[in-house]
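K.L.:
Give me coordinates for this.
(chains A, B and C)
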Amino acid sequence: MQNPKIAKVAVPGPFLFPLDYLLDAEQDLLTTDCATEIKAVVGGRVWVPFRNKKVIGMVMEISESADYELSKIKPIEEVIDIEPLFDATQLGLLNWASQYYHEPIGDVMLAALPKRLRAGENAEISGMQYWQLSAEGRSKTLEDISRRALKQRRVFAQFLDQKLKSESDLNAELENWRSAVKTFTEKGWLETAHGPCLRESNYAPAPNHTLNDAQKSAVDAVLESQQIQKRFQAFLLEGITGSGKTEVYLGMIESMLKQGKQVLVLVPEIGLTPQMVSRFEAFLQTRVAALHSNLNDSERHCAWHLIRTGQIQVLLGTRSAVFTPFKNLGLCIIDEEHDLSYKQQEGFRYSARDLMVQRAYREQIPVVLGSATPSLETLHNAKTGRYTHLHLKQRAGVAKLPSLKLLDIRGEKIQEGVSRPLKTAMTQHLQAGGQALLFLNRRGFSPVLMCHDCGWQAACPSCDANMTFHMISGQNADGTVAGYLQCHHCDEQMAKPHSCPSCASEEFVNVGQGTERLEETIKEWFPDKKVLRIDRDTTRLKGSMAELTGIAQRGEADILIGTQMLAKGHHFPNVTLVGLLDIDQGLFSADFRAAERMAQLILQVSGRAGRAEKAGEVLIQTHHPDHPLLTTLIQQGYDAFATKALQERQDALLPPFKYQILIRAEATHPNDGMLFLESLKAGLQNYWQQWQEAKMVEADIDFWGPVSAPMLRRQGRYRYQLMLQSLNRGDLHRLISEMQPHIYNSPLSRKVRWSIDVDPQEMY
DNA sequence: CCGGCTCTCATC
DNA sequence: ATGAGAGCCGGA
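P.N.:
Down below sits the predicted model:
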């Protein structure tokens, strides 16, 4: 008998390599008369027996030789895909990701598939569920609905165009539409219908656009590389806010479409994808597929399928879209490449940005990384010539750049976080008819609730952190603020204690400012102005973010107060003053990336101002007006700041000049994580020692720690970390690869939750 | 003396 | 991961 064929199948579980399964040659012989023998294909899914149950797996390879005892190898149970879902290049990327991030191959495979395909559903999808007007519904008008049923009227109005509506269509236009849709369905005005994935769609009219010279030469640079050389090249497109990066993307995409190629565009997770899709569709006059968190499973499946089969040419998606298989991919674009949401922070901790560059390299196509404030890693790649650096230095159209100024608040009597000069500036700008935006990256009323008599502070029972005091609006029982306590690290909530648990005093003070308190203060100061607070608490409901930013953009609010979420993406053309209240944490943090983040945030928030013809003013309150990084940023701009910050990184031998891998461990027992990491460190060092002796080389790997995480206890778990750092990425990976199987076998590893974080971005 | 419960271990 | 099997205490 000839050698049986072995399928190498990636299955979920702690396996760094695929497992062996028989391709079932026997059955092949028995059923030769059956012309349509179903064979597993490389890149397709199969059901395989695993222990005593059936699990899903991905065939990574078909081989003549087994890596496992032949008698123990079981046959594949059922073939799901007759055609591959992933081609060799894409499988290569998944394999690379598994090895680079030290993540089990089966888990990488699962992360690369939409949920429904993970569950074994057919890759082909004929369509999805929609709602539409029934015959009866078509005879109705808005007048047939009670004047008082506002929500019902608004929902019904959406259907008057007679078109099919999917869940995300309705999500994009309405909030809390489900109950109204249910009512209409029960009444028989609406009916559910099964419609195709690809619907005809009418786009907004194409904008009458012309690219300016800078934009045009950026487009040309990328297109030339693609047309002439047809190979991989990475570009950093650095363009200040308002310089028209999106037009540059669209210019490139337009040309790719003419060549019949597809384009993958990654965007951060900020809920702006639907708006961006409409903008892309209007410009390109073609359908654009989207993959983001607001879609349900069948909508995702549809988008995935349309891209894979080449029915749609452009995909706009968040992090996980980087894995989508394309029929004919020609260009990759990453917008806001410095954004942290590209790094998955749990489980399979990949960077979609880095994977995208790797993907483009493997596909031999260009990749464009766009940002107004590029990450130091990317800038370093540009400075060393690995990436081609393209600049957009001017705001497109008539928009002017805002002026940035530092406000020295040392010794300044600060009323509720806002200095006198800032208050004066607010008054002036409001009088001149502009809007003011105050940025404070701390939600809630106050970050600390303290006993006035003994100094006791309300702490979270499960974390090493204070509970944030949140106000209950409108209630003011006895002059004190009514509210509750909430931990921002584990979301645990509790009532404000009636009296101090330590000294029984009933008097508490709120220490520090959050956005709620700031809102109170500002309302008192400017009683005739409309104040709008935009943070996670005021935008909890679906659609409310769009509603609030709409109010702000239409000029129906005078003063905007916001956290981080206000800093990204939204344009407020009438905002002429931006005040940043508290950015000093960024200057002296234990995290070496804090200054970089602070600079990116300052410029992002500044970018909200003066986008129309009005020039904006940006005032930054600080206790450290002489801090070299801060003054460089303000006086000379981001590039000068970045050069300086990169120099500091080089002097301190930190990324991007050294490579890091962080091993985390956490457990409910206070010391288990520490013990685990200590024994792991001993093993790693021992192995490293032997390796150096055997190879007669001196290689450098630094071991930092193990130390407790910046916040030792979080959600009741004690957390520790061990940092490995090296000038040589290969050495670092080799060391981890060799040790990883031992970690799985270590008895301590079962008591702790551990993870390997390659190129860690955040310490927390 | 048996069931239950932690600990251990392999999974192709 | 995760569920099955091995090794150790209470019920009457």
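
K.L.:
can you confirm residue A:380 is in a strand?
P.N.:
No. When the secondary structure is assigned by DSSP: H, G, I helix; E, B strand; the rest coil, residue A:380 falls in helix instead of a strand.

K.L.:
Please identify the helix or strand for the residue in the stretch 251-400 of chain A that DNA strand C sits nearest to.
P.N.:
Across the stretch 251-400 of chain A, the shortest distance to DNA strand C (CB to the nearest atom of the strand) belongs to residue A:347, at 10.4 Å. The way it works is simple: take the backbone N, C-alpha and C, and place the C-beta from them, glycine included. Residue A:347 belongs to no helix or strand when assigned by DSSP states H and E.

K.L.:
Who are the contact partners of it?
P.N.:
Contacts for residue A:347 were tallied using CB atoms under 8 Å, 6 or more residues apart in numbering; they are A:107, A:111, A:755.

K.L.:
If we use 10 Å, what do you get?
P.N.:
Taking CB atoms under 10 Å, 6 or more residues apart in numbering as the definition of contact, the neighbours of residue A:347 are A:103, A:107, A:110-111, A:755.

K.L.:
go on, residue A:676?
P.N.:
Residue A:676 sits in contact with A:663, A:665-667, A:706, A:720, A:722, A:743, A:746-754, where contact means CB under 10 Å, 6+ apart.

K.L.:
what kind of secondary structure is it in?
P.N.:
Here residue A:676 is recorded as helix under three-state DSSP.

K.L.:
measure it to residue A:720 for me?
P.N.:
Distance check for residue A:676 against residue A:720: by CB to CB, to the nearest Å, it reads 8 Å.

K.L.:
Leaving out the residues flanking it, which one is nearest to the residue nearest in space to the middle of chain A?
P.N.:
For chain A, the residue sitting closest to the mean C-alpha position, by CA atoms, centre = their mean, is residue A:341 at 2.3 Å. With sequence-adjacent residues excluded and distances taken as CB to CB, 6 or more residues apart in numbering, residue A:341 is closest to residue A:269, at 4.2 Å.

K.L.:
Show me what the longest strand anywhere in chain A is packed against.
P.N.:
With DSSP state E setting the assignment, residue counts place strand A:702-714 as the longest strand in chain A. Identification of packing neighbours for strand A:702-714 by 3 or more CB pairs under 10 Å, 6 or more residues apart in numbering; DSSP states H and E yields strand A:659-667, helix A:672-695, strand A:717-726.

K.L.:
which residues are in contact with both of residue A:676 and residue A:720?
P.N.:
A:663, A:665-667, A:706, A:752, A:754.

K.L.:
which intervals of chain A have sub-threshold pLDDT?
P.N.:
A:1-2, A:25-37, A:396-400, A:415, A:473-480, A:610-614 (pLDDT under 70).

K.L.:
Which positions in it make contact with DNA strand C?
P.N.:
Proximity of chain A to DNA strand C is assessed by CB under 7 Å from any atom of the strand, with A:13-14, A:51-53, A:744, A:750, A:753 identified as the residues in range.

K.L.:
one more time with 10 Å
P.N.:
Contact residues (CB under 10 Å from any atom of the strand) of chain A with DNA strand C: A:11-15, A:50-53, A:55, A:104, A:106-107, A:744-745, A:749-750, A:752-755.

K.L.:
Out of those residues, list just those in strands.
P.N.:
Within the residues of chain A next to DNA strand C, membership in strands is found for A:50, A:53, A:55, A:753-755, as judged by DSSP E.

K.L.:
and the residues you listed, which are buried?
P.N.:
Neighbour counting with 16 or more other CB atoms under 10 Å marks A:50, A:55, A:754-755 as buried within those.

K.L.:
which of these come close to DNA strand B?
P.N.:
Counting by CB under 10 Å from any atom of the strand, A:50, A:55 from these sit close to DNA strand B.

K.L.:
Now tabulate the buried ones among the ones in strands among the residues of chain A next to DNA strand C in a markdown table and tack on distance to residue A:699.
P.N.:
Putting those into a markdown table (distance: CB to CB, whole Å) gives the following:
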| residue | distance to residue A:699 |
| --- | --- |
| A:50 | 39 |
| A:55 | 40 |
| A:754 | 25 |
| A:755 | 25 |
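
K.L.:
which among the buried ones among the ones in strands among the residues of chain A next to DNA strand C gets closest to residue A:425?
P.N.:
For residue A:425, the nearest member of these is residue A:755. The distance, counting by CB to CB, is 46.4 Å.

K.L.:
Leaving aside the residues adjacent along the chain, what's closest to residue A:367?
P.N.:
Counting by CB to CB, 6+ apart, the nearest residue to residue A:367 once its immediate chain neighbours are dropped is residue A:360, at 3.6 Å.

K.L.:
now residue A:447
P.N.:
On the basis of CB to CB, 6+ apart, the spatially nearest residue to residue A:447 that is not a chain neighbour turns out to be residue A:512, at 4.4 Å.

K.L.:
got it, and residue A:416?
P.N.:
In space, and not counting its chain neighbours, residue A:416 is closest to residue A:521: 3.9 Å by CB to CB, 6+ apart.

K.L.:
Same check on residue A:472?
P.N.:
Closest residue in space to residue A:472, ignoring its immediate chain neighbours: residue A:482 at 4.7 Å, by CB to CB, 6+ apart.

K.L.:
The one you found: how many residues sit nearby?
P.N.:
Other residues near residue A:482 come to 13 when the count uses other CB atoms under 10 Å.

K.L.:
Report the buried residues of the longest strand of chain A.
P.N.:
Across strand A:702-714, burial judged by 16+ other CB under 10 Å covers A:705-706, A:708-709, A:712-714.

K.L.:
DNA strand C: which of the residues you listed is nearest?
P.N.:
Each of the buried residues of strand A:702-714 was checked against DNA strand C using CB to the nearest atom of the strand; the closest is residue A:714, at 18.1 Å.

K.L.:
any idea how far that closest one is from residue A:683?
P.N.:
Distance check for residue A:714 against residue A:683: by CB to CB, it reads 26 Å.
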